[in-house]
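K.L.:
all I have is the shape, not the residue letters:
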């Protein structure tokens, strides 16, 4: 049975962060992986100055040779993270999938810890961990399907069994909360997760890109534009999955 992990990275104007992300992947203790980067119409030189030279060198990542190689794909126009992830998914060969945001820096044993968790929990379809977003630590919780229906608490940077990944892929119509939608879809298909309490990765607090977070008290200020967008997205996901909008 193959242990190959396909790491799929959507990126949009994240040149500096992406280089750090790739370096952390190259430093992984678990080496049976491939990396697929999908440049989603970046305008900051990500493709020409970083990804194109890397793709010409083949399997070299910024921190040296690692894994089974690097593939670089490109959208001429920005289509959003779900579309970029689906593009990468079409090329993935691994038995396991890990959708990694470009501003993620992995702990060196992250892949090994997640892989081991799935071997220890054959009933689980994916493994997820605690993580940091800038200065904020998200310790998360053991898997709870009822809690997942009430709130998004599992990050997209989780290791997923390819065989259990939804055939519909990522919902490209969603602008936010795509990870919540994904794991709710998997829950409806009978799939659950295994929690790793270790903090296995850190997300840059840089504004923009695909990773977003606001302190909880911000959501008590409903007129903020970012909060309004979040509430709209929340309502869309709840309606799609027939959850209470209260």
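P.N.:
Looks like it came in fine. What you see is a predicted model; the values in this text were computed from it and never measured. Numbering: from 1, shown residues only.

K.L.:
where along the protein do the strands fall?
P.N.:
5-11, 33-40, 60-61, 64-65, 70-75, 96-99, 104-106, 126-133, 136-138, 159-161, 193-203 (DSSP state E).

K.L.:
where does the prediction get shaky in the chain?
P.N.:
Low-confidence segments of the chain (pLDDT under 70): 1, 57-68, 205-226, 245-246.

K.L.:
pull the longest helix from it.
P.N.:
helix 225-240 (DSSP state H).

K.L.:
and of the strands of the chain, who's closest to residue 241?
P.N.:
Closest to residue 241 of the strands of the chain is strand 193-203 (C-beta to C-beta; 16.4 Å). Placement of C-beta: from N, CA and C, glycine included.

K.L.:
got the buried residues for the longest helix of the chain?
P.N.:
Of all the residues in helix 225-240, those buried under the rule 16 or more other C-beta atoms under 10 Å are 230, 233-234, 236-238.

K.L.:
next: stretch 116-123.
P.N.:
Applying 16+ other C-beta under 10 Å to stretch 116-123 flags 117-118, 121 as buried.

K.L.:
just stretch 146-165 next, same as before
P.N.:
Counting neighbours by 16+ other C-beta under 10 Å, stretch 146-165 gives 148-149, 152-162, 165 as buried.

K.L.:
span of that stretch from start to end?
P.N.:
20 Å (C-alpha to C-alpha, to the nearest Å).

K.L.:
centre of the chain to it, how far?
P.N.:
Stretch 146-165 has its C-alpha centroid displaced from the chain centroid by 10 Å (C-alpha atoms, centre = their mean, to the nearest Å).

K.L.:
distance of the closest residue to residue 91 other than its chain neighbours relative to residue 119?
P.N.:
Distances taken as C-beta to C-beta, 6 or more residues apart in numbering place residue 36 nearest to residue 91, at 5.5 Å, with adjacent residues excluded. Separation of residue 36 from residue 119 (C-beta to C-beta, to the nearest Å) stands at 23 Å.

K.L.:
quick one: closest of the strands of the chain to residue 187.
P.N.:
Proximity of the strands of the chain to residue 187 was assessed by C-beta to C-beta; the nearest stretch is strand 193-203, lying at 9.0 Å.
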